[in-house]
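S.K.: the following comprises the amino acid sequence and a computationally predicted model.
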Amino acid sequence: QVQLVESGGGLVQAGGSLRLSCAASGGTSSNYAMGWFRQAPGKEREFVVAISRGGSSTSYADSVKGRFTISRDNAKNTVILQMNSLKPEDTAVYYCAADRTVIPNMNSVAYDYWGQGTQVTVSS
């Protein structure tokens with residue numbers, strides 16, 4: 001059983017940056033593709049970005065391309081989401097998820113483990 005814990009959320013002004021971390025325990029993160037999803041109030045959870053097991057392949061939602069960057073350090077069982085040029089519409093709870101497949105997956109149903117989420121609020 002893999003446990004995922006997100007951190008790094010907070011309140012930031014539009015145009016600012018935040019760095020989210022996802023720490024995995026109870027398993028080896030290199031056995032999983034990892035993804036970030038987000039859910040805003042009153043909206044469904046949506047895909048943000050995902051990265052393959054080895055980190056060589058990534059997939060981004062169009063809304064965050066060029067602003068967000070995902071990376072992973074398998075030695076530390078950690079996945080990082082660097083978010084730059086934040087917009088008020090990025091406000092949401094951000095969730096880290098682990099998927100047993102190799103390639104990054106945009107479908108939340110494919111993910112086996114989820115963290116509790118971290119709140120990101122971007123003020124205008």
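M.R.: That came through, no problem.
S.K.: C-alpha from now on. contacts and neighbour counts both.
M.R.: Will do.
S.K.: phi, psi of E89?
M.R.: Phi and psi for E89, reported as degrees, to the nearest 10, are phi -70, psi -10.
S.K.: what is the neighbour count of F68?
M.R.: Residues within reach of F68, counting by other Cα atoms under 10 Å, total 20.
S.K.: can I assume it is in contact with K87?
M.R.: No: counting by Cα atoms under 8 Å, F68 does not reach K87; the two are 11.5 Å apart.
S.K.: and the pLDDT at the residue most central in space within the chain?
M.R.: Among the residues of the chain, the one closest to the centroid is W36, at 2.4 Å (Cα atoms, centre = their mean). pLDDT recorded at W36 is 98.
S.K.: tell me what it is bridged to.
M.R.: On the basis of DSSP bridges, W36 is bridged to V49, C96.
S.K.: tell me who's in contact with it.
M.R.: 47-50, 81, 94-97 (Cα atoms under 8 Å, 6 or more residues apart in numbering).
S.K.: quick one: which of those is nearest to R72?
M.R.: Closest to R72 out of the contacts of W36 is L81 (8.8 Å), distances taken as Cα to Cα.
S.K.: that closest one touches D73, doesn't it?
M.R.: No: L81 is beyond contact range of D73, at 11.7 Å (criterion: Cα under 8 Å).
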